[in-house]
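J.: quick one: sequence and predicted model below, then my questions.
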Amino acid sequence: MDLRVIPLNIDWKGRMRIVTTVVLIIVVCTLSGCGVMGRPTDGLYRLPYADGVDVEVTQDDLTHRTPAMNMFDFAGVATEQILVATAPGWVRYFEDENEVGGTANNNYIWIEHPLDYCQTSSSEAIGSTTPTTCKPCPKGLGKCNEWTLTVHMRNRSITSAPPLGAGLSLNEWVVAGQPIGIEGAVGVVFKNNMRCSDGDFAVDPLCGRHAHFNVFVFDSDVPVENQIPTVNGDYEEYAKQLSERPERVPAFCTQAGLRFVRKGEVHTAAPCPNFQ
């Protein structure tokens, strides 16, 4: 029996039960050797792929430790999958214009997830550098919320209208499972532990296709532009500037249940409870 699996067909009633469940998973993992090293997320996150897609974990929070820690790489078993929001939130920043792999220039999207995943009323202004949340943060706006980063997306798949892209704009509210882009091979990517070269891309334009994903909590009260990697997808430079490591480890909702995922495993994407 795999003690890391928590079935999703239980009576979920609010965030407190979600938090309690995650805490129980952590306790079980401590006893059963799951090997989770980082601080767990406060929120609950699905895999960043559409329902029913088989997703291979190519790097997990234990193996993907640069430029920081507790990051994940995923790849759809079938080629070029649609990527989706892992939880409800606001689109805060993105880069969408880069076209090729092999360089540091990348495409990515930042989404702020206001715990308890609630949306402000339309009368409240939402600025790109001053997030407005529906739950007051004890140390100022932004700090108590979790942010997700998804990287390596296909050129213009964030902003292009469907079916070529997700048609998103800054500060747009997205729901869990909503398309946010298309899995790609933009930026520095690897295949079979080897960095894809120009020759590799000439044969296979999708060499190293995958989605990099991680969860952040900012170490300042109000995120501002120079704290978020808005130039060339330079999240590595961002990580170097942090005074505290922000990456958190999520237990992902999957078709089999809620679990900490591991390198080499294949999971089928599925929604989380209460995210509809």
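T.: Arrived safely.

J.: could you pull out the helices for the chain?
T.: Assigned by DSSP state H, the helices in the chain fall at 15-32, 198-203, 235-241.

J.: average pLDDT for the second one?
T.: The predicted model assigns helix 198-203 a mean pLDDT of 94.

J.: what residues of that helix count as buried?
T.: By neighbour count with 16 or more other C-beta atoms under 10 Å, helix 198-203 contains the buried residues 200-201. C-beta here means a position set from N, CA and C on the backbone, and glycine is covered the same way.

J.: again, but for stretch 248-263
T.: Under the neighbour-count criterion of 16+ other C-beta under 10 Å, stretch 248-263 has 248-254, 257-262 buried.

J.: stretch 265-276 now?
T.: Buried positions in stretch 265-276, judged by neighbour count with 16+ other C-beta under 10 Å: 267, 269-273, 275.

J.: can you list the neighbours in contact with that stretch?
T.: If you take C-beta atoms under 8 Å, 6 or more residues apart in numbering as the criterion, stretch 265-276 is touched by 8, 12, 14, 18, 44-57, 77, 84, 87-88, 117, 175-177, 252-256, 258-259, 261.

J.: tell me what Val215 is bridged to.
T.: For Val215, the beta-bridge partners are Thr148, Arg248 (DSSP bridges).

J.: what's the neighbour count on it?
T.: Here the number of neighbours of Val215 (other C-beta atoms under 10 Å) works out to 27.

J.: in the sheet, who's paired with the closest residue to Thr254 other than its chain neighbours?
T.: Closest residue to Thr254 apart from its sequence neighbours, by C-beta to C-beta, 6 or more residues apart in numbering: His267 at 4.2 Å. Beta-bridge pairing for His267 (DSSP bridges): Val55.

J.: returning to that earlier point: and the buried residues of stretch 265-276, which is closest to Trp110?
T.: Using C-beta to C-beta, Phe275 is the member of these that lies nearest Trp110, at 19.2 Å.

J.: do you know the pLDDT at the closest one?
T.: On the pLDDT scale, Phe275 is placed at 57.

J.: what does Ile182 give?
T.: We note a pLDDT of 97 for Ile182 in this prediction.

J.: from memory it sits against Val84, does it?
T.: No - using C-beta atoms under 8 Å, Ile182 makes no contact with Val84, being 10.6 Å away.

J.: quick one: neighbours of Pro162, just the number.
T.: 9.

J.: tell me how far the closest residue to it other than its chain neighbours lies from Thr103.
T.: In this structure, Pro162 finds its nearest non-sequential neighbour in Pro179, 7.5 Å apart by C-beta to C-beta, 6+ apart. Counting by C-beta to C-beta, to the nearest Å, the gap from Pro179 to Thr103 is 26 Å.

J.: which of these two has more residues huddled nearby?
T.: More crowded of Pro179 and Thr103, by other C-beta under 10 Å: Pro179, with 19 against 13.

J.: what's near enough to touch the more buried one?
T.: Contacts of Pro179 by C-beta under 8 Å, 6+ apart are 50, 82-84, 162, 166.

J.: min pLDDT across those residues, which one?
T.: Scoring the contacts of Pro179 by pLDDT puts Pro162 last, at 93.

J.: for Asn214, give me its contacts.
T.: Counted by C-beta under 8 Å, 6+ apart, Asn214 has contacts 68, 70-72, 148-149, 247.

J.: need the max-distance pair from these.
T.: Farthest pair in these (C-beta to C-beta) is Ala68 and Thr148. Separation: 14.3 Å.
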